[in-house]
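Peer 1: output the structure for:
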Amino acid sequence: MATILEFLGGDHHACDELFASAEESVSQKNWGGARALFDRFHAAMLHHLAMEENVLFPAFEARTGSTGGATQVMRMEHEQMRELMQDMAHAMIKTDYEGYLGLSETLNMLMQQHNMKEENVLYPMTDQVLAGERDNLIRSMEAVKP
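Peer 2: Below is the predicted model:
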C-alpha cells in the first residue's frame with residue numbers, strides 16, 4: 001500500500017486540479033461549469049480535511065503524545081481554508097467575478113504553503129511514527145465520509 005505522503009499528497013494534487021479547473025471556468029465567465037467544478041473541489045477539500053482531522057491527526061497525536069505543534073497549526077489553517085471556500089461559494093452564487101478570483105488567489109497561496117508543510121514535514125513524520133499502522137490508517141481515511 002502507499003505511504004501516507006503518497007496517499008494524501010496525491011489527494012492534494014487531485015484537489016489542486018479541481019481548484020484550477022474551477023478558477024479557469026470563472027475566468028472565462030462560464031458560471032455553470034464553474035459552479036459544478038467548484039462544488040466538486042469544495043467536496044473534495046472537505047473530505048481531505050476530514051481524513052486528516054478525524055483519522056491522521058488523532059493517530060499521530062496519540063502516538064507522539066503531542067496535541068499542539070504541527071497538527072494544531074494544520075487545524076487552524078484548515079479552518080481558514082473552510083472560511084475562504086465558504087466565501088468563494090457565496091461569490092459563485094452571486095456570480096461575483098472579481099470577488100471570486102480575489103478569494104481564489106488568497107486560498108491558492110494558503111493551500112500551497114499548507115501543502116508544502118504537510119508534504120515536506122508532517123506526512124514524512126507520520127509515515128515514520130505510524131509506520132506499523134500506515135495501511136490501516138489509509139483504509140480508515142478512505143472510509144471517511146465527507
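Peer 1: would you agree Met85 is in contact with Met45?
Peer 2: Yes - the pair Met85 and Met45 passes the contact test of Cβ atoms under 8 Å, sitting 6.4 Å apart. All C-beta spots, glycine's among them, are computed from the backbone N, C-alpha and C.
Peer 1: put the alpha carbons of the strand or helix carrying Arg139 into PDB.
Peer 2: Using DSSP states H and E, Arg139 maps to helix 134-143. Provided in PDB are the C-alpha atoms of helix 134-143 (Å, rounded to 0.1, in the frame of the first residue of the first chain):
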ATOM      1  CA  ARG A 134       0.000   3.000   8.000                       C
ATOM      2  CA  ASP A 135      -2.100   0.600   5.900                       C
ATOM      3  CA  ASN A 136      -4.900   0.600   8.500                       C
ATOM      4  CA  LEU A 137      -4.800   4.400   8.700                       C
ATOM      5  CA  ILE A 138      -5.100   4.700   4.900                       C
ATOM      6  CA  ARG A 139      -8.000   2.300   4.800                       C
ATOM      7  CA  SER A 140      -9.700   4.300   7.600                       C
ATOM      8  CA  MET A 141      -9.100   7.600   5.800                       C
ATOM      9  CA  GLU A 142     -10.600   6.100   2.600                       C
ATOM     10  CA  ALA A 143     -13.700   5.200   4.600                       C
END
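Peer 1: please identify which helix or strand holds the residue nearest the centre of the chain.
Peer 2: Taking Cα atoms, centre = their mean, the centroid of the chain lies closest to Met45, which sits 4.4 Å from it. Per DSSP H and E, Met45 falls inside helix 31-51.
Peer 1: so that helix versus helix 134-143, what angle?
Peer 2: Helix 31-51 and helix 134-143 are oriented at 140 degrees to each other (axes from the mean of the first three to the mean of the last three Cα atoms, to 10 degrees).
Peer 1: show me what helix 31-51 is packed against.
Peer 2: Applying 3 or more Cβ pairs under 8 Å, 6 or more residues apart in numbering; DSSP states H and E, we find helix 31-51 packed against helix 4-27, helix 70-93.
Peer 1: tell me which of the ones you listed is the most buried.
Peer 2: Highest mean neighbour count among these (mean count of other Cβ atoms under 10 Å): helix 4-27, with a mean of 18.
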